[in-house]
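Asker: With the sequence up front, the predicted model follows.
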Amino acid sequence: MNFAAPLVPATLLRRYKRFLADCQLADGTEVTAHCANPGSMIGLANPGTRVWLEPNDDPKKKLKYGWRLVEHSDGHFTGVDTAVPNRMLKAALEAREVPALAEYDQVRAEVNYGEKSRIDFLLSAEGQRDAYVEVKSVTLCRRPGIAEFPDAKTERGARHMLELALMAKQGHRAAVFFLVQRTDASEVRLAEDIDPRYVDAFMKAYSVGVEVIAHSANISPGGVTLGPQLPFNLPLL
């Protein structure tokens, strides 16, 4: 997945009201960018951080920049736009590039299911059980190489896990797909201290057959593509 417009480097001045970020461009101009990330963004929103913004000329948008990436001092990148995983993964699923789900040739996005919820992807194929796939964007890293989810309490995420469990109990295939938007992570874990309720819902879903799939992402200012599968380490409860 390529970005719609070439990204431009900037320096983060501050993130506020969750969805706004003041940044300074290379020429000294200060701009406000849309931050498409409702999470806490632990370790990613410190003033002085090098970031990459996507400009736009859409007259319907109040803000002319969107914050897409953090560039770390060691050259690694983190994607901060939580909408990117679904857009990128849709293309990967349609191209049958996800090994765990490669048998499916029909991909539908945002399908209503459960109680007042929408599944990110409903996959189908002749002779296969339908697969309900919920996608989670992972950006938190508090220990070298270890990506964690979530980075903030998520009642919505806990509800999704319980609804996936219902699909599994009904005989469907159900999976939670952790897309790690970091190039410096080698494994994925749950952040048990941040949201025990989510962990509880996750383990209940896992115990009835909900699958766990984790992949890294290849990230650069040019775009984002699906990376290799990563190991997922279950909590020791």
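Answerer: Looks like it arrived, so ask away.
Asker: what's the spacing between residue 110 and residue 83?
Answerer: Counting by Cβ to Cβ, to the nearest Å, the separation of residue 110 from residue 83 is 12 Å. Where C-beta positions appear, they are placed from N, C-alpha and C, glycine not excepted.
Asker: same thing with residue 30?
Answerer: Computed with Cβ to Cβ, the distance linking residue 30 and residue 83 is 25 Å.
Asker: go on, residue 9?
Answerer: From residue 9 across to residue 83, the span is 21 Å (Cβ to Cβ).
Asker: for residue 206, helix, strand, or coil?
Answerer: Here residue 206 is helix, with the state taken from DSSP: H, G, I helix; E, B strand; the rest coil.
Asker: That one touches residue 212, doesn't it?
Answerer: Yes: judged on Cβ atoms under 8 Å, residue 206 makes contact with residue 212 at a distance of 6.7 Å.
Asker: Which secondary structure element is home to residue 133?
Answerer: Per DSSP states H and E: residue 133 is located in strand 131-138.
Asker: Identify the neighbouring strands of that strand in the sheet and state each direction.
Answerer: Strand pairing for strand 131-138, using DSSP bridges, gives strand 117-124 (antiparallel), strand 173-180 (parallel).
Asker: per-residue pLDDT, the spatially most central residue of the chain?
Answerer: Closest to where the C-alpha atoms of the chain average out (Cα atoms, centre = their mean) is residue 137, at 1.6 Å. Confidence at residue 137, expressed as pLDDT, is 96.
Asker: list the contacts for it?
Answerer: Counting by Cβ atoms under 8 Å, 6 or more residues apart in numbering, residue 137 touches 79, 82, 84, 85, 179, 181.
Asker: Who does it form a beta bridge with?
Answerer: With DSSP bridges as the rule, residue 137 is bridged to residue 179.
Asker: Low-confidence regions, the chain specifically.
Answerer: Within the chain, the ranges that satisfy pLDDT under 70 run 236-237.
Asker: make it 90
Answerer: 57-61, 113-117, 235-237 (pLDDT under 90).
Asker: hey, what's residue 133 bridged with?
Answerer: Bridge pairing for residue 133 - DSSP bridges - gives residue 121, residue 175.
Asker: and it, how many neighbours does it have?
Answerer: Residue 133: 25 surrounding residues under other Cβ atoms under 10 Å.
Asker: Hmm, it is touching residue 118, no?
Answerer: No: using Cβ under 8 Å, residue 133 makes no contact with residue 118, being 11.9 Å away.
Asker: got the buried residues for the longest helix seen in the chain?
Answerer: Of all segments of type helix in the chain, defined using DSSP state H, the longest is helix 155-169. If you call a residue buried by 16 or more other Cβ atoms under 10 Å, then helix 155-169 has these buried ones: 157, 158, 159, 160, 161, 162, 163, 164, 165, 166, 167, 168.
Asker: dump the residue contacts of residue 152.
Answerer: Residue 152 touches 38, 39, 40, 194, 195, counting by Cβ under 8 Å, 6+ apart.
Asker: Would you mind measuring from it to residue 198?
Answerer: Taking Cβ to Cβ, one finds residue 152 at 10 Å from residue 198.
Asker: Now do the shared contacts for these two.
Answerer: Joint contacts of residue 152 and residue 198 (Cβ under 8 Å, 6+ apart) do not exist.
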